[in-house]
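Asker: Mind looking at a prediction? Sequence and model below.
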Amino acid sequence: GDGPEAAALRQQAAREAILDRVIFTGFQNNALDYLAAFDVFILASRSEGLPRVVLEAMLVNTAVIGSRVVGTEELISPDDTGLLFEYGDVAQLAQHLVTLWQD
């Protein structure tokens, strides 16, 4: 959204030289349109309740990768409905992205 971190996030994108590839949309009422446009949806949370967004991504047939935490891991069946990685394991997350890219 356009919350209190918007300016800092834009500055970070500029520092990383990716500002031309990042779209800051602000608040949107219908996340399904965005989820359907994604190649992959990643939920890299340290903790979750029951993440509805994972179900929404699955609903629109977007590939899902989630951290292996309570809530997310109950929704994702590895190699069937998505892929799981250990929270904080960036190498495993990157490998999942490579796997999906090659598939």
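Answerer: Yep, that arrived.
Asker: outside of the helix or strand of the chain with the lowest mean pLDDT, which residues touch it?
Answerer: Every helix and strand of the chain was ranked by mean pLDDT, DSSP states H and E. The lowest is helix 31-37, at a mean of 93. With contact meaning Cβ atoms under 8 Å, 6 or more residues apart in numbering, helix 31-37 is reached by 25, 28, 41, 53, 56, 57, 59, 60, 61, 62. Every C-beta, even on glycine, is put in place using the N, C-alpha and C of the backbone.
Asker: Can you say which of those residues are buried?
Answerer: 41, 53, 56, 57, 62 (16 or more other Cβ atoms under 10 Å).
Asker: From residue 99, how far off is the fourth one?
Answerer: Spelled out, that is residue 57. Distance, residue 57 to residue 99, by Cβ to Cβ, to the nearest Å: 17 Å.
Asker: before we move on, back to that, next, the buried residues of the least confident helix or strand of the chain.
Answerer: Judged by neighbour count (16+ other Cβ under 10 Å), helix 31-37 contains these buried residues: 34, 35.
Asker: List the neighbouring strands of the next helix or strand after it plus their orientation.
Answerer: In the C-terminal direction, the helix or strand that comes right after helix 31-37 (DSSP states H and E) is strand 40-43. When pairing is defined by DSSP bridges, strand 40-43 lines up against strand 63-67 (parallel).
Asker: hmm, who's touching the partner strand?
Answerer: Here strand 63-67 has contacts from 39-46, 51, 54, 57-58, 72-73, 75-76, 81-88, 93, 96-97, 100, using Cβ under 8 Å, 6+ apart.
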